[in-house]
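Novice: sequence first, predicted model second:
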Amino acid sequence: MGGIITTGCEPPIPWIGGKTILLPVIKRIIPEGQNKFVDVFGGGGSVSLSGKYAPIQIYNDYNQHLTNFYTIIKTRCRDLVNAFAGAFGKDSKLIDEIEQRIFANIRDQFNACCLVFYKSDTFGDFYDSSLKMLNKAADIQDRQHTWMTVQRAWDIYRDKENDPELLDALMFLILMKCSFSATGKSWACKGINAETAIRLINEASRAFQYLAVDNRDCIDIIRLHDSPTTIFYCDPPYYMAEKCYSGVPLFGDAKHRALHDVLLECKGKVILSYNECDFIDQLYCEDIWYKMRITRPHSMVLHNEAGATYDEFIIANFDIFELYNGDGQASFFDLTGTLTEEGRLII
């Protein structure tokens, strides 16, 4: 069987563009015998957490909230679990570990986290945003309700000053777990299984003991680690969907081209995920690229459009079809889909 088949764990947070559904394909085409594996756009961590692919393995992302979150998981897992399970206790103090209550997805708590997370870069911004929330209230009852949310936000703001990295990781976790489609901004009316959430945090912490965490621009980290024994997995913001990712500069046409140019010159092996579109098809037009076209269920709209599908590329500078086909022996990974003669994988 070609490629590496390893076990791993699920990511502790959902993430826009996560690769969980494609993991059986991606894991199957990662070549063996390389010294270093670099997850250039680590995102929610589904690929980095899915297995051990090289002696040196690096999770990288330009989003500082993501890298701080996984740094806290790696180095202060117990503190994060205690904070999450106790979020938030009386007077904003974390509940004693013995008395921790079940985490609840509450809109007011979500809104308070949003206010602090997105509007507290400066005290002036936070103060002005708090006033705007109150001024939008339609009547006295609405204003009283809003005032309670603002008070909760101010309590979180004071806690953040005492331990900014931990509180940033906690708020990030809450916003990702409790938002619709992991946008981090629109509240989702859904239950959160605290035991499962804590289990995933603990499992991710164990996995990250073997991972390095970096916070670099994609071009910089590729140039830094490029060698004949390096594997780069790149999952950049998909073309025309770049605005879905907050907290980082817009990944526009020029950046897509710059990424292509540096990957074209790579000495290492490159695996690249993209949405299937003319711009990317024409950008990666050189003879060195192998393109596997994938049709999979469109998870973001399936609840409204039964049977909806989404087309993606897996692009590489080595023969991924040979690895995918392997030696022809049947295995669990054959259940991922049918590879047509045209090189399209139907999942």
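Specialist: In hand now; what should we look at?

Novice: wait, a strand at Pro233?
Specialist: Just to correct that, residue 233 is Tyr rather than Pro. Yes. The assignment for Tyr233 is a strand, going by DSSP: H, G, I helix; E, B strand; the rest coil.

Novice: quick one, grab the pLDDT at it.
Specialist: Per-residue pLDDT puts Tyr233 at 98.

Novice: distance of it from His225?
Specialist: 12 Å (C-beta to C-beta, to the nearest Å). Every residue, glycine included, has its C-beta placed from N, CA and C.

Novice: just the helices in the stretch 101-250 of the chain please.
Specialist: 107-119, 123-135, 140-162, 164-178, 194-208, 218-225 (DSSP state H, counting those that start in this stretch).

Novice: could you dump those to CSV with mean pLDDT, distance to Ile13 and mean neighbour count?
Specialist: What follows is those, written out as CSV (pLDDT from 0 to 100; distance: least, C-beta to C-beta, whole Å; neighbours: other C-beta atoms under 10 Å):
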stretch, mean pLDDT, distance to Ile13, mean neighbour count
helix 107-119, 92, 14, 20
helix 123-135, 92, 24, 13
helix 140-162, 90, 19, 15
helix 164-178, 94, 4, 21
helix 194-208, 92, 8, 18
helix 218-225, 98, 21, 17
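
Novice: just put those helices in TSV and tack on distance to Val40.
Specialist: Formatted as TSV, these follow (distance: least, C-beta to C-beta, whole Å):
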stretch	distance to Val40
helix 107-119	25
helix 123-135	32
helix 140-162	30
helix 164-178	21
helix 194-208	17
helix 218-225	5
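
Novice: quick one: closest of the ones you listed to Ser46.
Specialist: Ser46 sits nearest to helix 194-208 of all those, at 10.8 Å, using C-beta to C-beta.

Novice: helix 164-178 and that closest one, what's the angle between them?
Specialist: Counting by axes from the mean of the first three to the mean of the last three C-alpha atoms, to 10 degrees, helix 194-208 lies at 120 degrees to helix 164-178.

Novice: hmm, who's touching helix 194-208?
Specialist: 8-12, 45, 48-49, 59, 70, 73-74, 77, 80-81, 84-85, 102-103, 173, 177 (C-beta atoms under 8 Å, 6 or more residues apart in numbering).

Novice: quickly list the domain ranges of this protein.
Specialist: 20-62+216-346, 69-204 (automatic domain parsing).

Novice: how far does the first one sit from the chain's center?
Specialist: This means domain 20-62+216-346. Centroid separation for domain 20-62+216-346 versus its chain: 14 Å, with C-alpha atoms, centre = their mean, to the nearest Å.

Novice: now do the shared contacts for Tyr233 and His225.
Specialist: Residues touching both Tyr233 and His225 (C-beta under 8 Å, 6+ apart): Val38.

Novice: re the thing from before, and of the helices of the stretch 101-250 of the chain, who's closest to Ala54?
Specialist: Minimum separation from Ala54 across these (C-beta to C-beta) falls at helix 218-225, 11.0 Å.

Novice: packing partners for that closest one?
Specialist: Using 3 or more C-beta pairs under 8 Å, 6 or more residues apart in numbering; DSSP states H and E, the elements in contact with helix 218-225 are strand 36-39, strand 56-60, strand 230-234, helix 253-264.

Novice: what do you get if the cut-off is 6 Å, keeping everything else the same?
Specialist: Judged by 3 or more C-beta pairs under 6 Å, 6 or more residues apart in numbering; DSSP states H and E, helix 218-225 is in contact with helix 253-264.

Novice: any figure for the gap between Leu323 and Met292?
Specialist: For Leu323 relative to Met292 (C-beta to C-beta), the value is 10 Å.

Novice: now for Leu259: which residues touch it?
Specialist: Cys218 (C-beta atoms under 6 Å, 6 or more residues apart in numbering).

Novice: so which of the helices of the stretch 101-250 of the chain comes closest to Gly17?
Specialist: For the helices of the stretch 101-250 of the chain, proximity to Gly17 was assessed by C-beta to C-beta; helix 164-178 is nearest, at 13.0 Å.
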